[in-house]
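> Sharing a model prediction with you, sequence too.
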Amino acid sequence: MDAAAKRRRSESVMPRYNPAVIEPKWQKYWEKNRTFACPRLPKGRKLYVLDMFPYPSGDGLHVGHPEGYTATDIVCRYNRMKGVSVMHPMGWDAFGLPAEQHAKKTGTPPRETTEKNIANFRRQLRMLGFSYDWDRELATTDLNYFRWTQWIFLVLYDTWFDQSEQRGRPIAELPIPEEVEAEGEAAPERYRDEHRLAYQIEAPVNWCPALGTVLANEEVVGGVSERGGHMVVRTKLRQWMLRITAYADRLEKDLDRLDWSEGIKLLQRNWIGRSTGAEVDFFIGDRLPLAVSQQEEYEAWKRRRSKTGFPKKPGNDMLRIYTTRADTLFGATYMVLAPEHPFVERLTAPEQREAVRAYCEQAARKSDLDRTDLAKEKTGVWTGSYAVNPVNGESIPIWVADYVLISYGTGAIMAVPAHDTRDFEFAEQFDLPIRAVLKASRRYFGWGYVDVRPLSEWHRQQESGEICFTGDESKIRICQSEVELLDPSISINSGPYNDLPTAEFKRKIAEDLAAQGIGRAAVNYKLRDWLFSRQHFWGEPFPLLHELDDDGRPTGRVRALAPSELPLDLPAEMAFDADHDRPEPPLDKAPDDWLYVTIDGRRYKRETNTMPQWAGSCWYYLRFLDPKNARALVDPQVEKAWMPVDLYVGGAEHAVLHLLYARFWHKVLFDRGHVGGDEPFQKLVNQGMILGENGEKMSKSRGNAVNPDEVVREYGADSLRLFEMFMGPLEAVKPWSMDGVSGVRGFLDRVWRMIVDERAETMQLNPAVQVVKPSAEQNRVLHKTIKAVTADLDRMSFNTAISRMMEFTNFFLKQEPRPRAAMEKLVLLLSPFAPHAAEELWAALGHDESLAFPPWPEFDEAAIKEDTIEVPVQIGGKLRGRIQVPAEADKAALESAARAEPKIAELLAGKTVVKAIVVPGRMVNFVVK
RNA sequence: GCCGGAGUGGCGGAAUGGCAGACGCGCUGGAUUCAAAAUCCAGUGGCCUUCGGGCUGUGUGGGUUCAAGUCCCACCUCCGGUACCA
């Protein structure tokens, strides 16, 4: 016999546990029998279990991927055995920059690279025995997939957000105001474009000429590219935006209904960053620049305002600010504009022109990151003009400083240095006046700070402005020392509003400002609209055309493709040159027959930006339900039957953006009637990262990456799966350990030997396994195990479930004979975790059919009950002995049994028992004197 | 700075307010073997011990309770998120 034949013989006949043989065997069996094919519509109870689909990188899978995938697979297999209809698909988030960069280097088309990577990922996932319905596999790069991504974009483009109804509606239903109508033919179209959920702006991008690409903010460090350290230029480019901010309120409120961890919800809430406050107008006059207060004009303006009310759009004679602390208006001693604020130039006095221009230019060069990260010290410059504080008529100077952001609120603030840390720092820096308008109503002393002055003296100093604090109503800061303040603070130096607590002040001044037409309540969000275009080739093309005039220049009119004109594929013939000297998208160099279109005698140029990678992942969970549908993105009947996703598992790195974007799209689709619910993911679980064996983040460059191929070759897929679950709680961050894999492999070996006769020539049962009635103890162990494993699965506590099965195995290996029925139950319990080994053992136990669908074992509470139990006895809370008592023993019986225990009796002798605490079934504790 | 999460043996971790350290790794000793691997058995938080046991122990300091890893207060450390959001 040659070596190969010997190996073949030993592998196929010798009944040692050999995953290298049985794993491929069962994978083929499942595939051939379509064991995990999911019906079009659920039969009975449904469960939609979704993994965050991977980006198929060239490196292949690493052991972090299968963590969540194993967890969901276990949940799916467990539920199938409970008779639930389970939807469990897998696909590929396949657009992405690496394939395009590879194309620039080698000329290999991105699609080719992508398909090769997908094939490798698919092979690796199949190797791990996940019970996906592979018939539903999709990639975001499939033409048949992204035609519907484009279709959804058309829905977004065709939708405006009705604020009063808080929902998206067809753009055709947008009411056109008369004054717009009056502006002429083109005005209504322009008005509509301004209200669409998809709109265009000129936005700054980080263009890196050396790399020939536009970089994301986080790829720019200290003004140069993160990779290579090349120069990065901030330049403006026409971009598509999605109006996610319109949905900010709903995105925040609807979190309440979701079964997500509070931590993740909070992360999203903070990202959305809703705040309530007021917008207030400060008079600046119309003869600019304004050097001194124009008292008469100001009075006239105020009179006008009290008649007209607060205008929707701010005029040119005023500066509109947003504040959450309108109660500190009397403390506003200066104002600040963001350098990009449109009023900066008008407000700059001639003698300040040079300084302001230089400052703004310098600010423009800084990236957002530099502006925050490096700017420890406040910078700014005075414009030379003043505004009038509407509550007291005071003239206050207007400054320009980059600590005010153009993208938040109105891009202008009133500065209250007495009660805002940032304004305080700025005022100190530039020697601006500080006026306290709040005093604490009680004092509390923080760590290391003792203030021995009487409260009245403290208040006097606050009123005179010698000391002040920034803050909200619960925490204050006396300049730099922290002090806890429990009671609300009280207003001072605020004219008619003195002695009001903060909340009441806010309410009152909001009313008064509104009545005078100077202010109104307002809500703001940190959330920004979504920059939706990328200057890449390898992404979904926008289904949009730009109209050209006779000279080939864009007219500004946009024409959307009709849904019937989809899909719009990428051009087949593209040259990928590494040199790319303009920030314009690569598609600008697409062949003319792709780039230019003539419809009804008009020439159009296609949009050449492409969509970001987020686009495809925003709705893939819908397409899985009906992946081949050519008429709709998903059949409504199918969608209603399966949605929402009942369990969504993925990394916490997507806790904010992906989940927010997907929820946003889903709500738009809901508003427009394309889906039946307004939230896609009911329950969310974030698996923790798996670190390298050295406790560092796993990566190729650190040399601590673990390749699943190796682990499977060495130990088998079941061992890999089992170990990933045994390491610790799913949500915890935990280090890899090859010794640990070897440990769970040992467990599988033991399970195998418990059931199979290893010494036999052929596959046959261990002689100890017999059809016998289990002893009471065996039965108790069996049913305790079933109960515990079931409970652990229900709360996704996989590590403890595995340890229960280890205890079972440790016990039964010592038992002879071993009841065959008990062995079968264990195999069923094990099957979601180690499906290949379980199938093989199930077959060995004489079953012809896969164990994917037999009913999940039930436990019998009566079998678990013990006759006598051991109960600890404590004296003064310290363990002093144990007693054996009937399980049903009541308090009195327990106490007397405890007193009768010789050791306890000895220790109690001569002492007075003050109290005896007896918890039946648990413990006895004597409190003695 | 702010917001989350977590600190338990040599390591990963387990414990509805009720016997801390389940289960696994590692380690020690033994059986088996010509030997090794594999397997099996026993032990394994620390200190002390007359070998009965005793004391001590869940980041630190306080508190509540008959009883605290678990609840409360303060602090320390680590990890993650965020970054002038008015």
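Good, I have the coordinates.

> Show me the strands in the stretch 401-550 of chain A, by range?
For the stretch 401-550 of chain A, the strands defined by DSSP state E, counting those that start in this stretch occupy A:412-415, A:438-439, A:469-471, A:475-478, A:481-484, A:490-491, A:519-524, A:530-531, A:544-548.

> Break chain A down into its structural domains.
With domains defined by automatic domain parsing, chain A comprises A:170-246+A:530-606, A:275-436+A:496-524, A:708-863, A:866-928.

> got the buried residues for stretch A:157-167?
Under the neighbour-count criterion of 16 or more other C-beta atoms under 10 Å, stretch A:157-167 has A:157-162, A:167 buried. Where you see a C-beta, it was placed from the backbone N, CA and C, and this is true even at glycine.

> what separates the host helix or strand of A:Glu115 from the chain centre, distance-wise?
Element membership for A:Glu115, per DSSP states H and E: helix A:110-127. Remark: helix A:110-127 is offset 26 Å from the chain centroid, using C-alpha atoms, centre = their mean, to the nearest Å.

> helices and strands around that helix, which ones?
Judged by 3 or more C-beta pairs under 8 Å, 6 or more residues apart in numbering; DSSP states H and E, helix A:110-127 is in contact with helix A:19-32, helix A:97-106, helix A:708-715.

> one more time with 10 Å, if that's ok
For helix A:110-127, the elements it packs on are helix A:19-32, helix A:65-81, strand A:91-92, helix A:97-106, strand A:138-139, helix A:708-715, helix A:717-726, judged by 3 or more C-beta pairs under 10 Å, 6 or more residues apart in numbering; DSSP states H and E.

> just to revisit the earlier point, a markdown table for the domains of chain A, including mean pLDDT?
Listed next are the domains of chain A as a markdown table, based on pLDDT from 0 to 100:
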| stretch | mean pLDDT |
| --- | --- |
| domain A:170-246+A:530-606 | 87 |
| domain A:275-436+A:496-524 | 87 |
| domain A:708-863 | 95 |
| domain A:866-928 | 88 |
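
> Tabulate these (CSV), appending distance to A:Tyr661 and mean neighbour count.
Converted to CSV, these look like this (distance: least, C-beta to C-beta, whole Å; neighbours: other C-beta atoms under 10 Å):
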stretch, distance to A:Tyr661, mean neighbour count
domain A:170-246+A:530-606, 7, 16
domain A:275-436+A:496-524, 19, 18
domain A:708-863, 23, 19
domain A:866-928, 51, 15
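
> Using a markdown table, please lay out the ones you listed together with distance to RNA strand B.
Output for these, formatted as a markdown table (distance: least, C-beta to the nearest atom of the strand, whole Å):
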| stretch | distance to RNA strand B |
| --- | --- |
| domain A:170-246+A:530-606 | 9 |
| domain A:275-436+A:496-524 | 3 |
| domain A:708-863 | 3 |
| domain A:866-928 | 3 |
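
> Turn these into CSV, including distance to A:Phe670.
CSV is the format used below for the domains of chain A (distance: least, C-beta to C-beta, whole Å):
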stretch, distance to A:Phe670
domain A:170-246+A:530-606, 13
domain A:275-436+A:496-524, 22
domain A:708-863, 29
domain A:866-928, 51
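
> Of all those, which one is nearest A:Arg80?
Closest to A:Arg80 of these is domain A:708-863 (C-beta to C-beta; 6.0 Å).

> Tell me how far that closest one lies from the chain's centre.
35 Å.

> what's the straight distance from one end of it to the other?
Its start and end residues considered, domain A:708-863 measures 41 Å (C-alpha to C-alpha, to the nearest Å).

> again, but for stretch A:325-342
One end of stretch A:325-342 sits 24 Å from the other (C-alpha to C-alpha).

> likewise stretch A:876-896?
End-to-end distance of stretch A:876-896 (C-alpha to C-alpha): 17 Å.

> can you give me the offset of it from its chain's centre?
On C-alpha atoms, centre = their mean, the centre of stretch A:876-896 falls 51 Å from the chain's centre.

> and for that stretch, what are the contacting residues?
Residues from elsewhere that reach stretch A:876-896 (C-beta atoms under 10 Å, 6 or more residues apart in numbering): A:865-875, A:897-908, A:911, A:913-914, A:916-929.
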